[in-house]
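**Q** structure for this input, please:
(one chain, ligands or ions: 2)
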Amino acid sequence: MSDLPEPYTSAENDFRSDTFTTPTAEMMQAACSASIGDAVYNEDLDTLALERQVAQLAGKPAGLFCVSGTLSNQIALRSHLYQPPYSVLCDYRAHVYTHEAAGLAILSQAMVTPVVPSNGNYLTLEDIRRAYIADDGDIHGAPTRVVSLENTLHGIVYPVEELVRIKAWCVENQIRLHCDGARLWNAVIESGVPMKQFGEIFDSISICLSKSLGAPMGSVLVGDAKFIKKCNHFRKQQGGGVRQSGMMCRMASVAVQGDWRAHLARSHRMAHELAAFCATHGIPLESPADTNFVFIDLRRARMDPDVLVKKGLKYHVKLMGGRVSFHYQISDASLERVKVALLEAFQHAQAHPFDTDGPTKIYRSESTEVDIEGNAIGELQTYKY
Ligand SMILES: Cc1ncc(COP(=O)(O)O)c(C=O)c1O
Ligand SMILES: C[C@@H](O)[C@H](N)C(=O)O
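**A** Ligands and ions are numbered 1, 2, ... in the order given. Just a heads-up that it's a prediction; the model follows:
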């Protein structure tokens, strides 16, 4: 039995992120008969099969298995960038900008143009045109070489018509278009747009297997063959050239061949139910709960995130801030408990409003002991990461 306190050993009550999905017995079984070739030499059959499978889903000629979405995004962006000075334009909340440890600055030596969407939810072509840096010979600038979009971003589904407009403009201006598709599976379910259509729009897509799909790790980066060859070069440089990756890839293949559509649809239904609960009780949300995330607007709710986390522990659900993440392993009972925890935290905020002028972090981890009533013992340790 794990020596971790019970709350930290299951996914059924883990609302911190869909990255906490745990591998299924079927995945573990499949790993036992996975191929064991050396993937650096392109000799691992299950790795090659997964790369082919995901590339075909996206309608792209080639795919590359990466051990993380961060690696996949960063080597894609690096491979699109030639001859600095150059810059990457993205949403100010984009993971490639806010949560990949300045990879763009360090690996790509790129400037970033973070843009606030005028509609509050997703960048439009007008937002991009207003903010991009033209390659017009002005020696002061770092021309925009890549637009990096995220679909979904904070669970918000990108309207495909807007993506088509942005794509046409990027082609006209010789600007590459990358998609951080950590949750593209969720966008496919909610929008009904097939993955192949996103493959026609984006030059490259990083498709995560470790979030809502539930694989233990990894992403597949897809694009044209020449581009993926260069990405493989940067993957090796960054230490991502792994050897017997067949076990992980076989487990991911089980997820890709599994009933992910039903899984994700259920997680979206649960998120929509919580969003409706929030509307009923006047708990403000930061953005539309299109897919599997409900973002509580802590600032407008004047809610202390630590109180929310503690209420979660009291009702035996794991939270880490204003983002409530759903995935297919969340139980119905946990959904009911997270409603109670949230409502109690909101009522506490109404009696004890919490105002902070600091950033509201979405992602952080905490460790704490809880007493028999579920009240946190000692100070809640919260770590930003
Ligand atoms: C939108 C988004 N992109 C990329 C990543 C990076 O994936 P990984 O954690 O596998 O590096 C994450 C987080 O997992 C994410 O939420
Ligand atoms: C923490 C962050 O990197 C992760 N992608 C998440 O969404 O939980």
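**Q** give me the neighbour count for the closest residue to residue 16 other than its chain neighbours.
**A** Leaving aside its sequence neighbours, residue 16 sits nearest to residue 320 (C-beta to C-beta, 6 or more residues apart in numbering; 4.4 Å). (Each C-beta comes from the backbone N, C-alpha and C, glycine too.) Using other C-beta atoms under 10 Å, residue 320 has 24 other residues around it.
**Q** wouldn't residue 320 be in contact with residue 14 here?
**A** No. The pair residue 320 / residue 14 is not scored as a contact, 9.7 Å apart, by C-beta atoms under 8 Å.
**Q** if we can go back for a sec, may I have the secondary structure class of the residue nearest to residue 16?
**A** Classification of residue 320 using DSSP: H, G, I helix; E, B strand; the rest coil returns coil.
**Q** what pLDDT is listed against it?
**A** pLDDT recorded at residue 320 is 88.
**Q** tell me the phi and psi of it?
**A** Residue 320 adopts backbone torsions of phi -140, psi 10, taken as degrees, to the nearest 10.
**Q** can stretch 159-179 be said to contact ligand 1?
**A** No. Judged by C-beta under 6 Å from any ligand atom, stretch 159-179 makes no contact with ligand 1; its nearest approach is 10.2 Å.
**Q** now that stretch: average pLDDT?
**A** Average pLDDT, stretch 159-179: 98.
**Q** C-alpha coordinates for it, CSV please?
**A** The C-alpha trace of stretch 159-179 is given here as CSV (Å, rounded to 0.1, in the frame of the first residue of the first chain):
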residue,chain,number,x,y,z
PRO,A,159,-14.0,28.5,-33.6
VAL,A,160,-12.7,26.7,-36.7
GLU,A,161,-13.8,29.6,-38.9
GLU,A,162,-11.5,31.9,-37.0
LEU,A,163,-8.6,29.4,-37.4
VAL,A,164,-9.2,29.3,-41.1
ARG,A,165,-9.0,33.1,-41.3
ILE,A,166,-5.8,33.2,-39.3
LYS,A,167,-4.3,30.4,-41.4
ALA,A,168,-5.0,32.3,-44.7
TRP,A,169,-3.3,35.4,-43.3
CYS,A,170,-0.3,33.4,-42.0
VAL,A,171,0.2,31.9,-45.5
GLU,A,172,0.0,35.4,-47.1
ASN,A,173,2.6,36.6,-44.6
GLN,A,174,4.9,33.6,-44.6
ILE,A,175,4.2,33.0,-40.9
ARG,A,176,4.0,29.4,-39.6
LEU,A,177,1.1,28.3,-37.5
HIS,A,178,1.6,25.9,-34.6
CYS,A,179,-1.1,24.3,-32.4
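**Q** now that stretch: how far from the chain's centre is it?
**A** With C-alpha atoms, centre = their mean, to the nearest Å as the basis, stretch 159-179 stands 21 Å off its chain's centre.
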